[in-house]
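Novice: Here is my input; please provide its structure:
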Amino acid sequence: MFTLLVAGCGEVWNDPYPSAERSANTLYAAFVQRPKHLDPVQSYTTDEALFTRQVYEPPLQYHYLKRPYELIPLTAVEIPKAREIQGGKFTVYEIRIKPGIQYQPHPAFVAANHELDSGKIKKLKTPYDLPLGSRELVAADYVYQIKRLAHPRLHSPIFGLMAEYIVGLGAYAEKLKKLDAPGWIDLRQHALEGVEEVDRYTYRVTLKGRYPQFVYWLAMPFFSPMPWEAEKFFEQAGMEPRNFGLDWWPVGTGAYMLTEHDPNARMVLTRNPNYRGMPYPAEGEPADAEAGLLKDAGKTMPFVDRVVFTREKESVPYWNKFLQGYYDNAGISAENFDQAIRVAVDGASEPSPEMVERGIELSTAVDATIFYFGFNMKDPVVGGMSERARKLRQAVSIAVDMEEYLSIFANGRGIVAHSPIPPGIFGRHEGAGGINPVTHVWRDGREQRRPIAEAKKLLAEAGYPEGRDTKTGAPLVLYFDTTARGPGDKARLDWWRKQFDKLSIQLEVRETDWNRFQEKIRKGTQQVYGLGWSADYPDPENFLFLLHGPQARADGAGANSSNYASPEFDALFERMKNMPSSAERQKLIDRMVEIARRDAPWVFGFHPKAYTLRHQWLANAKPNDMAGNTLQYLRVDPEKRAALRREWNRPVLWPLGLIVLALIASAVPAFISYRRRERMAARPAA
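Specialist: Down below sits the predicted model:
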């Protein structure tokens, strides 16, 4: 009986997936944050891009393997070239798309589905319960989506920026506000001056002045095509209460289509049967061939039929399921870092012996992101361009040991920043030529932080010897505004205090919530603070603008939260921002970085490094911080995965055997006692 019970339980007892899927060509992954917007006009976060970038196709994309990042066509025939008219007053981009591209199957392309009654809608589990259709991608779909940036009921995070450049977009928004009423607004009936359809496969965008970074925006979902039928279909009465809308059910031409949507539990991407297929790249970086990243060169993608995402709110079960083989790749939390990674004497990271034994491989890449510690340049103590304030900021920049911070709080997952520009972006220098001479020196072939004695000397020259104001004798107290409020943040805040203690400066932490923090930044009432920025596109302008005076946060709505303003820096920025990358542009950038280092409006924090583990059955994995449509490049070996899952998750039966034996052993005395009583002769009656 016990043997039959064990046999009936199957080979793997803890498999979270149906047995029929064990050999399926499926990629298994996890997601942590539930996506809020999947409509490309509103979506702007990495957790949303995990899905939108697989479904939607803007005209351009980034090469999967090459670094620095390189723009290449996606649906476009070629990278559009800027054409200046009226002496540079306007710039025209003409984008021609490839003919024959088909949308995914979707009910929006069936005319009868545009006249559904509410009763029928209530019975639907997903939109795909209805008859499905498709049609060809045309230029008008791209025009329609750009118009949606100004839609009064949609709130695109890039509308303000695009209204500065796309001719007539601001006025178009005002026009749509006047037309706004319940129901669908057919944007085809309302022309936008700066965006027009030239022919079936060509559209034209006219910008004010020069803005060469516009081509980077053409690689983002904001500029993906939107078929008018999809918007009309989801605007029907009864759709919104069922969560039937573009924020839940995207409609695109990409390699995958979203077929299951439960943001609290499970999301499933399925191969788009109408996808034309793309060839896997045949070239990349020099090391890619040795890493096996070119084995599939020229083969048609996507390689995987389905991608199943399961939501994991806790790091421990997420990590355990990865080790059991139920997720094909995984990030590494701080709690699991020591189990997963070994750091060599030279600082290099490699998988731990446990990971190596299981054939788990490690990929690392520095993100196009900077986390910095900023000074409010409007503050009377740390701000301003006087030598006193400048030397105070320089002293703090030396004292804050970011190497130590990364070692303690990030397991070494990052590199110290020496300017706003991260690796992989034009304008950055590596090695001895890339260090910040204010805070570091190059010695023995590596960068080394200047000694604290030099910071103390600068502080004394600023008028604060031993942390006291020579004018008043009062101790120097600085105020750090932060949203860190939980018990886990105490160690981090104590570390910050110790950095200032080196200079005998008292650091007072002012903890607050995010909304209050943002209000302080907006009004310019903070003194020192911490923030970060991730690239929208791989261009130095997208980082150096964070220090551009006219974009000061307290004077407008810009991203310059330190309110830094240097006439020379600003003049150079205006010259540099619209230039193509060249030796001349590099010279301007070098001078701008030199000015920013001298004025020290930031402690140039660090650039985080992403660590990703993958099982041996997952191929073609290479981190790419710019491209989002990366799932189509990945390949899995389902048979190898199934075999290793069985090996790693064999049922441990001996405890059950011990329990059975223990039960038998405990039952034997009772049974013997019972039998003895049964056989005992009855006592004679009195």
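
Novice: same question for the longest strand along the chain, mean pLDDT?
Specialist: Determined from DSSP state E, the single longest strand within the chain is strand 602-614. The average pLDDT for strand 602-614 rounds to 95.

Novice: who does that strand pair up with?
Specialist: strand 329-331 (antiparallel), strand 361-366 (antiparallel), strand 369-375 (antiparallel), strand 414-416 (antiparallel) (DSSP bridges).

Novice: Please work out which of those is packed deepest.
Specialist: Sort these by mean neighbour count, taking mean count of other CB atoms under 10 Å, and strand 369-375 sits at the top with a mean of 22. (Glycine included, C-beta is placed from N, CA and C.)

Novice: What is the subsequent helix or strand relative to that one?
Specialist: Per DSSP states H and E, the first helix or strand lying C-terminal to strand 369-375 is helix 387-399.

Novice: List the buried residues of that next one.
Specialist: Across helix 387-399, burial judged by 16 or more other CB atoms under 10 Å covers 389, 390, 391, 392, 393, 394, 395, 396, 397, 398, 399.

Novice: Closest one of those residues to residue 52?
Specialist: Residue 52 has its nearest neighbour among those in residue 397, at 38.7 Å by CB to CB.

Novice: Test my guess that the closest one contacts residue 449.
Specialist: No: with contact defined as CB atoms under 8 Å, residue 397 does not reach residue 449; the gap is 9.9 Å.

Novice: Run through the bridge partners of the nearest residue to residue 410 once chain neighbours are set aside.
Specialist: Closest residue to residue 410 apart from its sequence neighbours, by CB to CB, 6 or more residues apart in numbering: residue 608 at 7.1 Å. Beta-bridge partners recorded for residue 608 (DSSP bridges): residue 414.

Novice: sorry, back to before: so what sits against both of residue 397 and residue 449?
Specialist: Here residue 397 and residue 449 share the contacting residues residue 439, scored by CB atoms under 8 Å, 6 or more residues apart in numbering.

Novice: now for the strands paired with strand 602-614, which one comes closest to residue 174?
Specialist: strand 369-375 (35.6 Å).

Novice: who touches the closest one?
Specialist: 382-383, 393, 400, 417, 420, 422, 527-535, 543, 561-562, 600-608, 625.

Novice: Strands of the stretch 551-686 of the chain, residue ranges please.
Specialist: Secondary structure of the stretch 551-686 of the chain (DSSP state E, counting those that start in this stretch): strands at 602-614, 618-619, 635-636.

Novice: Take those and lay them out in TSV including mean neighbour count and distance to residue 74.
Specialist: Formatted as TSV, the strands of the stretch 551-686 of the chain follow (neighbours: other CB atoms under 10 Å; distance: least, CB to CB, whole Å):
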stretch	mean neighbour count	distance to residue 74
strand 602-614	22	24
strand 618-619	20	23
strand 635-636	21	21
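
Novice: still on that earlier bit, would you convert the strands paired with strand 602-614 into TSV that also reports mean pLDDT and distance to residue 352?
Specialist: Output for the strands paired with strand 602-614, formatted as TSV (pLDDT from 0 to 100; distance: least, CB to CB, whole Å):
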stretch	mean pLDDT	distance to residue 352
strand 329-331	94	14
strand 361-366	92	10
strand 369-375	96	26
strand 414-416	95	20
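
Novice: could those strands go into CSV alongside distance to residue 109?
Specialist: Output for the strands paired with strand 602-614, formatted as CSV (distance: least, CB to CB, whole Å):
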stretch, distance to residue 109
strand 329-331, 34
strand 361-366, 39
strand 369-375, 39
strand 414-416, 47
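
Novice: Quick one, which of the ones you listed gets closest to residue 612.
Specialist: strand 361-366 (4.7 Å).

Novice: chain center to the closest one: distance?
Specialist: Chain-centre distance of strand 361-366: 15 Å, with CA atoms, centre = their mean, to the nearest Å.

Novice: before we move on, what about stretch 54-74?
Specialist: With CA atoms, centre = their mean, you get 16 Å for stretch 54-74.

Novice: Could you list the buried residues of it?
Specialist: Applying 16+ other CB under 10 Å to stretch 54-74 flags 54-65, 67, 69, 71-74 as buried.

Novice: Check stretch 530-542 too.
Specialist: By neighbour count with 16+ other CB under 10 Å, stretch 530-542 contains the buried residues 530, 531, 533, 535, 536, 537, 538, 539, 540, 541, 542.

Novice: likewise stretch 491-507?
Specialist: Under 16+ other CB under 10 Å, the buried positions of stretch 491-507 are 493, 496, 499, 500, 502, 503, 505, 507.

Novice: The fourth one: what's its closest spatial neighbour, skipping adjacent residues?
Specialist: Counting by CB to CB, 6+ apart, residue 507 is the residue found nearest to residue 500 once chain neighbours are left out, at 4.1 Å.

Novice: Also the first one?
Specialist: In space, not counting the residues next to it along the chain, residue 493 is nearest to residue 509; the distance is 5.3 Å by CB to CB, 6+ apart.

Novice: quick one: that neighbour from residue 485, how far?
Specialist: From residue 509 over to residue 485 the distance is 10 Å, taken as CB to CB, to the nearest Å.

Novice: The two: which is more packed in?
Specialist: residue 509 (16 against 13; other CB atoms under 10 Å).

Novice: Please report the distance of the closest residue to residue 363 other than its chain neighbours from residue 385.
Specialist: Closest residue to residue 363 apart from its sequence neighbours, by CB to CB, 6+ apart: residue 612 at 4.7 Å. With distances taken as CB to CB, residue 612 is found 43 Å from residue 385.

Novice: May I ask you to confirm that residue 238 belongs to a strand?
Specialist: No: assignment of residue 238 by DSSP: H, G, I helix; E, B strand; the rest coil gives coil, placing it outside any strand.

Novice: need the contact list for it.
Specialist: Taking CB under 8 Å, 6+ apart, we find residue 238 in contact with 116, 117, 118, 121, 122.

Novice: what does residue 604 give?
Specialist: Counting by CB under 8 Å, 6+ apart, residue 604 has contacts 370, 372, 397, 416, 417, 418, 419, 420, 436, 439, 597.

Novice: just the residues you listed now: which is nearest residue 33?
Specialist: Distances from residue 33 to the contacts of residue 604, taken by CB to CB, are shortest for residue 370, at 21.7 Å.

Novice: Could you give the bridge partners of that closest one?
Specialist: When bridges are called by DSSP bridges, residue 370 pairs up with residue 533.

Novice: how far away is it from residue 608?
Specialist: Counting by CB to CB, the gap from residue 370 to residue 608 is 9 Å.

Novice: and residue 343, how far is that from residue 492?
Specialist: For residue 343, the distance to residue 492 (CB to CB) stands at 21 Å.

Novice: where does the chain have low pLDDT?
Specialist: 1-12, 345-347, 652-657, 671, 678-686 (pLDDT under 70).

Novice: hmm, try it at 80
Specialist: 1-13, 344-348, 484-488, 556-557, 651-686 (pLDDT under 80).

Novice: Output the longest helix belonging to it.
Specialist: When the chain is parsed with DSSP state H, its longest helix is helix 654-679.

Novice: So residue 458 is in contact with residue 391, correct?
Specialist: Yes: between residue 458 and residue 391 a contact is recorded at 4.6 Å, counting by CB under 8 Å.

Novice: wait, what's in contact with the residue nearest to residue 535 when sequence neighbours are not counted?
Specialist: Leaving aside its chain neighbours, residue 535 sits nearest to residue 368 (3.8 Å; criterion: CB to CB, 6+ apart). Residues counted as contacts of residue 368 (CB under 8 Å, 6+ apart) are 422, 423, 424, 425, 534, 535, 538, 625, 626.

Novice: now do 6 Å
Specialist: Going by CB atoms under 6 Å, 6 or more residues apart in numbering, residue 368 touches 422, 424, 535, 625.

Novice: again with residue 297
Specialist: Residue 297 makes contact with 280, 282, according to CB under 6 Å, 6+ apart.
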